[in-house]
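> Predicted coordinates and the sequence they were generated for:
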Amino acid sequence: MDIKEIIENIVEEITKNKNLKEEFEKEPVKVIERIANVDLPDELVEKVVDGVKAKLTMDKVADIADTVSGLAGSLKKLF
């Protein structure tokens, strides 16, 4: 399993479970090692943490952009 695949699996699990997302925000290394079910070297864990945080942020930005786009479409219909 490569880092990208590990990140994708972790992001999927975190986005499904609000409690897990809150736990990740507090203790990302612990959550990643538990979800991945492997003991990764510290330098690799930090890369995975950074990757998961980036992916979660990108997903959040995409959701916000979709919302804004939907609101803009609704406003156009009013005028």
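On my side now, so go ahead. Computed from a predicted model, the values in this text were never measured in an experiment. Numbering: from 1, shown residues only.
> Can you tell me what sits against the helix or strand containing K30?
Here K30, judged by DSSP states H and E, is contained in helix 28-36. Residues outside helix 28-36 that contact it (C-beta atoms under 8 Å, 6 or more residues apart in numbering): 6, 9-10, 13-14, 20, 23-24, 39-40, 45, 48-49, 52-53. Placement of C-beta: from N, CA and C, glycine included.
> Widest-spaced pair of those?
The distance between the two most remote of the contacts of helix 28-36 (C-beta to C-beta) is 20.5 Å, for D39 and K53.
> Give me the more crowded residue out of these two.
Between D39 and K53, counting by other C-beta atoms under 10 Å, K53 is the more crowded of the two (15 against 7).
> Spatially, what comes nearest to the residue nearest in space to the middle of the chain if we skip its sequence neighbours?
Centroid-nearest residue in the chain: L56, 2.6 Å away (criterion: C-alpha atoms, centre = their mean). Once flanking residues are discounted, L56 sits nearest to V11: 6.3 Å by C-beta to C-beta, 6 or more residues apart in numbering.
> about what we covered before: tell me the buried residues within the contacts of helix 28-36.
I6, I10, E13, I14, L20, F24, L40, V45, V48, V49, V52 (16 or more other C-beta atoms under 10 Å).
> Endpoints of stretch 24-41, how far apart?
Terminal residues of stretch 24-41 are spaced 18 Å apart (C-alpha to C-alpha, to the nearest Å).
> oh, I was asking about stretch 12-26
OK, stretch 12-26 end separation, C-alpha to C-alpha: 18 Å.
> That one: how far from the chain's middle?
Per C-alpha atoms, centre = their mean, to the nearest Å, the displacement of stretch 12-26 from the mean C-alpha position of its chain is 8 Å.
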